[in-house]
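> attaching a predicted model along with its sequence, questions to come.
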Amino acid sequence: MDSEQRRKRKRLGKPYLQPKFCSVRSLVVCLSFFVFLLFLSSDRFPLSPTSFRPALSSSPTFTLFYSAASNSILDSFGTRRQQRVSRVEERILFPDHVLLLVAGARIRQPALVDCVYYISSTNGSRELFEDGRAGLVVRPALSTDGYDEFRSIVRCPHPPANYSAAVDLRRRGDSVNEYWPSSPIKRVVHSWDKVVYEAVLDRDTVVVFVKGLNLRPHRKSDPTQLRCRFGLKRGETDEGFVLTTPAITAAQEVVRCPLPRSIQINPEKAKGIRVTIGYTSRNQKYPRRNALPSAARINSSKSRVQINRRRNELKKKHELCVCTMVWNQAPALREWIMYHAWLGIEGWFIYDNNSDDGIEEVVQELDLEGYNVSRQSWPWIKTQEAGFSHCALKAREECNWVGFFDVDEFFYLPNTFRQPQGLGFPGQNSLGELVANFSSSTSIAEIRTTCHSFGPSGLSSPPPKGVTVGYTCRLQSPERHKSIVRPELLDVTLLNVVHHFRLKEGYRYLNVPENIALINHYKYQVWDTFRAKFYRRVATYVVDWQEEQNKGSKDRAPGLGTAAIEPPNWKRQFCEVWDTGLRDFVLAYFADPATGSLPWELRSLSSSLTNSKQGVLPAR
């Protein structure tokens, strides 16, 4: 008994023996938890996209003092997992709205989200109204959209007076006071007139799209004073860009730089990296290095193996594709795509410049009907040339030829369309065959086609059967031309004047005779349709009609002035020659024999497919 009691007292006298086991277990648990955190923070399982906040004195900013401890109002969206990854990443102030780029789960409906504006503050303190409510206001979001594979767009109204443009978001119906930020840090809003807005990998280089360099239009510029800066850190506290390469080309809004060697070796690491443009001030006595604010992240991470495989492919997926940029032209898409698919166009790249007329649904419907149509959200206003440069890179991997023309422009091939009926349906694949004749050319890289501008042709309302049938009176002399190019043979600058590009040295363009091919440009339509163009021109270097500049330019409607007021007798203007060639062809070969309906008038999928099977207009 005494020995047993002594053993018990001995154990009780040494308390360190029991914790010894607990310490080992705690160490294992801690190490396991640490490994788990490492896994979550790795590239394989990113909790949040890279965030960079360079301190830039050369650009005006609007600030909001904001919580760094996951108190973002956007954290209230969706599931608990989405709450951890969704956040406002960038804010850009446009003339008529504030654009938010949101990382994480896509916000599909504007009705689900509100924009929250805070009282402007210089010290980050919580300011209250007299009745005790937090100093903020809430407005419904204007619209939402997808942008790239890891970001969405939310458009918010301009802030009220005395409120910051550093807008936040909340889920509709949530309490605003619940999400008041704490632990303030500075948030910035980029001004649209000076910001880097897009970046794309192109083999061993990056192509950067930028506002604010003010390079000369339609010309190459000296790139020697420009640099690309890459931010490789991934975290909330990133303050700089740690790698730099010299620009090798610069033109208009596009700058090209080689990738840093470390990224060339491992392109996967480029995904999500922010890129900006550094430049040297023009003060020769005291030169200063500056950097533009940036909302641009590389969203492509094609490996070198994939790139080389593409280079070595002798045959691409499509012979002929089309790029276009639109704003609120969804009703015109069906006729334009169905007609040109008959002529041999196989792929469509639609750059949507802030439309709000249901264009996404129209694109989806056409895709279901067998047309290869893709929509690229392009929120950057007055950047048509840059958008076409972007599209040339995107389409190059799939298409031998790419046409750049608008949805109110229709190719017409007079000689081909007059073939006897006994030879089958005239015109089918005729445009595709025309460009394919030059695919192996050692000198031709661009095909240019003359445009004839049509007027309202006496109409007061939009023609129900489409523009090809409704508008039949035009100006006698042609205006301008549009082009189809071989994207592999474009100049490395991607310089273009809206509808034709600078070509590589040693290549030239071919002017197609009008009896072979021309374009019917339904430019001056009925007043209600034409008036929509007054809101904004998409081309960067084309003056808006409201401005008192370049009044004699062909980019303006003759005699229209600077106000969206219908001129007298508008419906009979621009009518010098009655031209019914395309109308007669469309009615003869596209109309249903029983009903007279045209394929683009059919709204149901089953009717469209039935019409296609009957041979009226095959879906591609």
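Sure thing, it's come through. Residues are numbered from 1 along each chain as shown.
> does Phe534 touch Ile565 like I think?
No - look at Phe534 against Ile565 with CB atoms under 8 Å: they stay out of range, at 9.7 Å. Every residue, glycine included, has its C-beta placed from N, CA and C.
> who has more neighbours out of those two?
Phe534 (16 against 10; other CB atoms under 10 Å).
> over to that one: give its phi and psi.
The phi and psi torsions at Phe534 (degrees, to the nearest 10) take the values phi -70, psi -20.
> so where do the helices sit in the stretch 501-620 of the chain?
527-531, 581-589, 605-613 (DSSP state H, counting those that start in this stretch).
> could you chop the protein up by domain?
Here the domain parsing of the chain from the TED database is 88-190, 195-307, 315-527+575-590.
> all strands of the stretch 451-600 of the chain, in order?
Using DSSP state E, counting those that start in this stretch, the strands of the stretch 451-600 of the chain run over 473-474, 481-485, 508-511, 518-521, 577-578.
> quick check: which element contains Gly403?
Element membership for Gly403 (DSSP states H and E) is strand 399-404.
> can you list contacts of that strand?
Strand 399-404 has contacts (CB atoms under 8 Å, 6 or more residues apart in numbering) with 316-324, 345-347, 388, 391-392, 395-396, 435-436, 439, 447, 482-487, 496, 498-500.
> where does the stretch 351-500 of the chain dip in pLDDT?
420-424 (pLDDT under 70).
> now the helices for it?
Using DSSP H, counting those that start in this stretch, helices in the stretch 351-500 of the chain cover 359-368, 384-396, 414-417, 430-436, 467-470.
> out of these, nearest to Ala295?
Nearest to Ala295, of all these, is helix 384-396, at 14.2 Å by CB to CB.
> name the helices or strands packed onto that closest one?
Packing contacts for helix 384-396, counted by 3 or more CB pairs under 8 Å, 6 or more residues apart in numbering; DSSP states H and E, involve strand 195-202, strand 205-211, strand 318-326, strand 347-352, strand 399-404.
> need the domains of the chain in JSON lines with mean neighbour count, can you?
Below are the domains of the chain laid out as JSON lines (neighbours: other CB atoms under 10 Å):
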{"stretch": "domain 88-190", "mean neighbour count": "17"}
{"stretch": "domain 195-307", "mean neighbour count": "18"}
{"stretch": "domain 315-527+575-590", "mean neighbour count": "19"}
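> I'd like the ones you listed as TSV, with distance to Trp600 appended.
Below are these laid out as TSV (distance: least, CB to CB, whole Å):
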stretch	distance to Trp600
domain 88-190	25
domain 195-307	33
domain 315-527+575-590	4
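> for Ala539, which of those domains is the nearest?
Closest to Ala539 of these, according to CB to CB: domain 315-527+575-590, at 4.5 Å.
> flag the shaky bits of the stretch 1-150 of the chain, pLDDT-wise.
1-86, 105, 121-134.
> next up, identify which helix or strand Leu213 is on.
With DSSP H and E as the test, Leu213 turns up in no helix or strand.
> isn't it right up against Val254?
No - using CB under 8 Å as the test, Leu213 is too far from Val254 to be in contact (9.9 Å).
> and the closest residue to Ser430 other than its chain neighbours, what does it touch?
What sits nearest to Ser430 in space, not counting adjacent residues and going by CB to CB, 6 or more residues apart in numbering, is Thr416, at 4.5 Å. Thr416 makes contact with Pro426, Gly427, Ser430, according to CB under 8 Å, 6+ apart.
> one more time with 10 Å
343, 426-431, 433-434, 515-517, 585 (CB atoms under 10 Å, 6 or more residues apart in numbering).
> next, format those as JSON lines and append distance to Leu201.
Formatted as JSON lines, these follow (distance: CB to CB, whole Å):
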{"residue": "Leu343", "distance to Leu201": "33"}
{"residue": "Pro426", "distance to Leu201": "44"}
{"residue": "Gly427", "distance to Leu201": "39"}
{"residue": "Gln428", "distance to Leu201": "38"}
{"residue": "Asn429", "distance to Leu201": "34"}
{"residue": "Ser430", "distance to Leu201": "36"}
{"residue": "Leu431", "distance to Leu201": "31"}
{"residue": "Glu433", "distance to Leu201": "34"}
{"residue": "Leu434", "distance to Leu201": "33"}
{"residue": "Asn515", "distance to Leu201": "43"}
{"residue": "Ile516", "distance to Leu201": "38"}
{"residue": "Ala517", "distance to Leu201": "35"}
{"residue": "Phe585", "distance to Leu201": "44"}
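> of those, which is the nearest to Asp528?
Nearest to Asp528 among the contacts of Thr416 is Phe585, at 27.3 Å by CB to CB.
> give me the spatial nearest neighbour of the closest one, chain neighbours excluded.
Phe417 (4.8 Å).
> just Val138 next, same as before
Val138 sits nearest to Asp114 (CB to CB, 6+ apart), 4.8 Å away.
> also Gly347?
Leaving aside its chain neighbours, Gly347 sits nearest to Cys321 (3.7 Å; criterion: CB to CB, 6+ apart).
> who's that neighbour bridged to?
Beta bridges link Cys321 to Gly347, Val402, judged by DSSP bridges.
> surely it meets Tyr371?
No - taking contacts as CB atoms under 10 Å, Cys321 lies outside contact range of Tyr371: 11.9 Å.
> next, show the common contact partners of those two.
Going by CB under 10 Å, 6+ apart, residues that sit against Cys321 and also against Tyr371 are Ile345, Glu346, Gly347, Trp348.
> determine which two of the residues you listed are furthest apart.
Among the shared contacts of Cys321 and Tyr371, the pair separated by the greatest distance (CB to CB) is Glu346 and Trp348, which sit 8.6 Å apart.
> give me the common contacts of these two.
Common neighbours of Glu346 and Trp348 (CB under 10 Å, 6+ apart) are Cys321, Val322, His340, Tyr371, Asn372, Arg620.
> can you put those in TSV and add distance to Phe530?
Below are the shared contacts of Glu346 and Trp348 laid out as TSV (distance: CB to CB, whole Å):
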residue	distance to Phe530
Cys321	28
Val322	23
His340	22
Tyr371	27
Asn372	30
Arg620	31
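> wait, which of those is closest to Pro478?
Checking these one by one against Pro478 (CB to CB), the nearest turns out to be His340, at 19.9 Å.
> which residues sit in contact with the spatially closest residue to Glu488 that is not a sequence neighbour?
In space, and not counting its chain neighbours, Glu488 is closest to Arg396: 6.2 Å by CB to CB, 6+ apart. Listed by CB under 10 Å, 6+ apart, the contact set of Arg396 reads Asp202, Arg310, Lys316, Cys321, Val402, Arg486, Pro487, Glu488, Leu489, Leu490.
> please convert those to TSV, extending it with distance to Lys194.
Output for the contacts of Arg396, formatted as TSV (distance: CB to CB, whole Å):
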residue	distance to Lys194
Asp202	24
Arg310	35
Lys316	38
Cys321	33
Val402	31
Arg486	35
Pro487	30
Glu488	33
Leu489	33
Leu490	27
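> check contacts around Ile263.
Counted by CB under 10 Å, 6+ apart, Ile263 has contacts Leu201, Asp204, Val206, Phe230, Leu232, Leu243, Thr245, Lys269, Ala270, Ile273, Ile298, Ser301.
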